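# how would this look folded up:
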Amino acid sequence: MKNLKIGFYLLMLVALASCSKKDKVVVSKPLYQVGKAVSSSAPLSGSIKGTMIANTTYTISGDVTVNAGDTLLIQQGVNIKISNGANFIVKGILLSIGTKTSPITITDPTKNKTTGASSAATDPAYVGGWGGIYCDVTCPLLVIKWTHLDFGGAGLLAPPFTGPSTGDQYIVYWQNPHGSFIMEDSWIYGSPDDAIRFYGGTVNIMRNTLEKCGGTGGDGFNAKGGTQGNMAYNLIIGGATNGTKSANDPGTQAQQTEIAMFNNTYVNGGFRNTGTYGARSGSIEVENNSRALAYNNLIVDCNFGVRIAGGNNVTAKVYLADTLSHSDGPIKKTAYGYNFYYVDNVATADQIIPTNIAQAVVTHPTNNGIPNMATFLGATYTFGFAYDGTSLVGKNNPMFANYPLPNANFATQASVDGFDFHLKSGSPAIGIGYTGFSPITQTVYGTIPVDPIFGSSGITGPGKDAGCYQSDGTGNQH
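Below is the predicted model of the structure:
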C-alpha cells in the first residue's frame, strides 16, 4: 500500500509538471488603482483623490476638487450621481477609464432621457443638471474613455480659477496649453451650451457620440486658444450649431488652433441656434485664424455644410479662417474634400456649399465629394454666391442601417434613440474616403500620449468610407 501511495504522488507531480510546461494559466489582471479607495458611504464634496472602485455607486453633493499633484481614477462600471449642480474641479489628473462592456456613468439622477422630437423649450437635456468638468492650467492630463456624461451643464456659480466665467454651462472646460486631453468611445447627452470648450493643448477626440448638445446655441466640440489635435469618428446628432469647430480666439497665444476633423457623421445639426442665420454652421466650422482638415465626413440634413469663414463681422464675431500655406504646425494648410452630403429640403441644399448670407465665406466647391459640387456649380461659380440646389434634394441616400430618409422631422430629431447609423452594404458612402493624409500625432506642444490608462487607446488614421462607421467594423464602436 505504501508503494502505491508513493507511486500515486509521483504521478501527480509529473502531471503537474507537465501542465506547467504545456498549459498557460490565464489569471485575471487586477484593475489599475491609484492611491486609496474612495469611500462611497457618504455623499462626496471637497478635495478628492485616489480610486473610485469598479461597479460602485457614488453620490456627489457639492463641488469635488482634484488638487494639483493629485490623481483621481474612476474604474470601469462606476455610477456617479451628482446633485446641486456640483462640478469636478480638476487641478491635478482625472482618469475616467470605462470599458465597452462596463462603461462609467456620470449623471443627474433626477433627469430622464426622452426620445423623438426635441425642443430647447421643453427637453430637460438643455437645462443642465450636474455641472461640468473644469480643468485648470495645472491639470496635465484628462482622460475620458467609455464614459457617459449625461445631463451636465448647470451654470457655474463662481469661477473656481482664472479662465471660466460665472454662468458657464460646459460639460468639459479644458485650458492647459501644455497638457493633453483624451476623450474616446464616450457619450455626451444634453448640454445648454458647448459640450466641450478647449483652450490649448493636445487633444485626441475619437469615436464619441453626442446628442442634444446646445440649447439655443453652442457647439459640440469647440476648439479655441491654440488647441491642436484630432476630432474623428464621432457621431454628432441634433447639435444646436456646429458639430466640430476650430477658432483661434482669444488669439493671445503664439500657436494657432489646428484640428483634423475627419470621418465624422453629422446628422440634423444647426436648427436650434437663435443667433444670426448664416453666421455659424450646422456641421463643421473653421474660423478666426484657425487651420483645419475636413475630410471623409458624412453630413446629413445639416443647416450648412463645411463652412470656411471668410470675412469680418463684428456682430457675429466670426473672422477669417487661415487658408494660407505655412511651414509650422501639424497642419500646413487648411484643406477639405471627399465629404458626403444628403439633404431633405431646398434650404439645406442651398447651403451644402455655404453662401454669403450674414458674412463672406470662402468654402470652395470640390469635385471629389458626393455630390460633386464643383461640376454642379460649374467653372464660373464664385464661392459665396447663392445657387439653386433644388435638384439635390433627396439625392444620394447614404443608406443607414436603420434611420428613415427622407425625414421630414430632421430639425427636431436630436437623439440616436433606437436608430442605427451604420452603412448598409451598397451604400454610396462606402469607399469614397481619402486616406492620403495622416492624423495629428505631434503638435507644437508635444506628442499626443498613447497609453491604455494615461493616454489615447490609439490614434486612428483616416477611413476609406465616409462617416464614423466603417464597413470593415472599425471606427465608432457605439
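# my guess is Gly337 meets Tyr295, correct?
Yes. Assessed by C-beta atoms under 8 Å, Gly337 is found in contact with Tyr295 at 6.2 Å. (Each C-beta comes from the backbone N, C-alpha and C, glycine too.)
# of the two, who's got more company?
Tyr295 (27 against 18; other C-beta atoms under 10 Å).
# Need phi/psi at the residue lying closest to that one once chain neighbours are set aside.
Spatial nearest neighbour of Tyr295, excluding adjacent residues (C-beta to C-beta, 6 or more residues apart in numbering): Phe262 at 4.6 Å. Here is the backbone geometry of Phe262 (degrees, to the nearest 10): phi -140, psi 150.
# Neighbours of Phe262, how many?
What Phe262 shows, counting by other C-beta under 10 Å, is a neighbour count of 30.
# For it, name its beta-bridge partners.
Ala232, Tyr295 (DSSP bridges).
# what's near enough to touch it?
Phe262 makes contact with Asn230, Ala232, Leu293, Ala294, Tyr295, Asn296, Asn297, Phe437, Pro439, Pro462, Gly463 under the criterion C-beta atoms under 8 Å, 6 or more residues apart in numbering.
# Just the buried ones from those residues?
Asn230, Ala232, Leu293, Ala294, Tyr295, Asn296, Asn297, Pro439, Pro462, Gly463 (16 or more other C-beta atoms under 10 Å).
# Which one of the residues you listed is nearest to Pro404?
Asn297 (21.3 Å; C-beta to C-beta).
# and that closest one, what is it in contact with?
Asn297 sits in contact with 261-266, 283-284, 306, 339-340, 466-467, where contact means C-beta under 8 Å, 6+ apart.
# Just to be sure, Phe376 is in a strand?
No. Under DSSP: H, G, I helix; E, B strand; the rest coil, Phe376 falls outside any strand and is assigned helix.
# neighbours of it, just the number please.
For Phe376, the neighbour count with other C-beta under 10 Å is 16.
# repeat for Thr105
17.
# For the stretch 101-250 of the chain, just list every one of the strands.
104-107, 133-135, 141-145, 147-150, 172-174, 180-184, 187-191, 196-199, 202-206, 209-213, 221-224, 228-232, 235-237, 244-246 (DSSP state E, counting those that start in this stretch).
# Deepest in the core, which of those strands is it.
Among the strands of the stretch 101-250 of the chain, ranked by average contacts under mean count of other C-beta atoms under 10 Å, first place goes to strand 244-246 (a mean of 31).
# before we move on, the earlier item: quick one: mark the members of the contacts of Asn297 that sit in strands.
Met261, Phe262, Thr265, Tyr266, Ile284, Phe340 (DSSP state E).
# can you put those residues in a markdown table and add pLDDT and distance to Ala254?
Shown next, in a markdown table, are the ones in strands among the contacts of Asn297 (pLDDT from 0 to 100; distance: C-beta to C-beta, whole Å):
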| residue | pLDDT | distance to Ala254 |
| --- | --- | --- |
| Met261 | 98 | 23 |
| Phe262 | 98 | 26 |
| Thr265 | 99 | 34 |
| Tyr266 | 98 | 31 |
| Ile284 | 98 | 25 |
| Phe340 | 98 | 36 |
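# what's the closest of these to Val78?
Thr265 (28.6 Å).
# Am I right that that closest one is in contact with Asp301?
No. Counting by C-beta under 8 Å, Thr265 sits too far from Asp301 to count as a contact (11.6 Å).
# out of the two, which sits in the more crowded spot?
More neighbours surround Thr265 than the other of Thr265 and Asp301, with 29 against 26 (other C-beta under 10 Å).
# Make CSV from the ones in strands among the contacts of Asn297 and add distance to Ile236 to it.
Converted to CSV, the ones in strands among the contacts of Asn297 look like this (distance: C-beta to C-beta, whole Å):
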residue, distance to Ile236
Met261, 11
Phe262, 13
Thr265, 7
Tyr266, 5
Ile284, 10
Phe340, 15
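# Which members of those residues are the farthest-apart pair?
Among the ones in strands among the contacts of Asn297, Met261 and Phe340 lie farthest apart (C-beta to C-beta), at 14.1 Å.
# Tell me which of these two has more neighbours.
A count of neighbours by other C-beta under 10 Å puts Met261 above the other of Met261 and Phe340, at 29 against 24.
# How about the contacts made by the more buried one?
Per C-beta under 8 Å, 6+ apart, neighbours of Met261: Asn230, Met231, Ala232, Thr244, Ser246, Ile284, Ala292, Leu293, Ala294, Tyr295, Asn297.
# Switch these over to a markdown table; also include distance to Leu142.
Listed next are the contacts of Met261 as a markdown table, based on distance: C-beta to C-beta, whole Å:
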| residue | distance to Leu142 |
| --- | --- |
| Asn230 | 16 |
| Met231 | 16 |
| Ala232 | 18 |
| Thr244 | 18 |
| Ser246 | 19 |
| Ile284 | 24 |
| Ala292 | 22 |
| Leu293 | 24 |
| Ala294 | 25 |
| Tyr295 | 27 |
| Asn297 | 25 |
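# tell me, what's touching Gly337 and Tyr295 both at once?
Tyr434.
# mind listing the helices for this protein?
2-22, 346-349, 373-377 (DSSP state H).
# residues in contact with stretch 403-410?
117, 267-268, 271, 300-301, 342, 344, 394, 397-398, 413, 419-421.
# ok, now with 10 Å
116-117, 237-238, 267-269, 271, 300-303, 342-345, 348, 393-394, 397-399, 413, 416-422 (C-beta atoms under 10 Å, 6 or more residues apart in numbering).
# which among these end up buried?
237-238, 267-269, 271, 300-303, 342-345, 348, 393, 398-399, 413, 416, 421-422.
# Let's see which of the residues you listed end up in strands.
Ile237, Val267, Val300, Tyr342, Phe421, His422.
# now, among those residues, which is nearest to Gly132?
Ile237 (20.8 Å).
# which strand is the longest one in this structure?
strand 57-66.
# average pLDDT across that strand?
Average pLDDT, strand 57-66: 98.
# neighbouring strands for that strand, and are they parallel or not?
Strand 57-66 is paired, per DSSP bridges, with strand 44-47 (parallel), strand 79-82 (parallel), strand 88-90 (parallel).
# Quickly compare those and say which is most buried.
Most buried among the strands paired with strand 57-66, counting by mean count of other C-beta under 10 Å: strand 88-90, with a mean of 25.
# just how off-centre is that one within its chain?
The chain centre lies 20 Å from the centre of strand 88-90; the measure is C-alpha atoms, centre = their mean, to the nearest Å.
# next one: stretch 130-150
Taking C-alpha atoms, centre = their mean, one finds stretch 130-150 lying 13 Å from the centre of the chain it belongs to.
# Can you give me the first-to-last residue distance of that stretch?
One end of stretch 130-150 sits 9 Å from the other (C-alpha to C-alpha, to the nearest Å).
# thinking again about what came up before, in CSV: the strands paired with strand 57-66, plus mean pLDDT.
Listed next are the strands paired with strand 57-66 as CSV, based on pLDDT from 0 to 100:
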stretch, mean pLDDT
strand 44-47, 98
strand 79-82, 98
strand 88-90, 98
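# Out of the ones you listed, the one nearest Asp108 is which?
strand 79-82 (6.0 Å).
# hmm, which two among the ones in strands among the buried ones among the contacts of stretch 403-410 are most spread apart?
Between any two of these, the greatest separation by C-beta to C-beta is 15.3 Å, found for Tyr342 and His422.
# Can you pull out the low-pLDDT segments for the chain?
Applying pLDDT under 70 to the chain picks out residues 1-28, 312-317.
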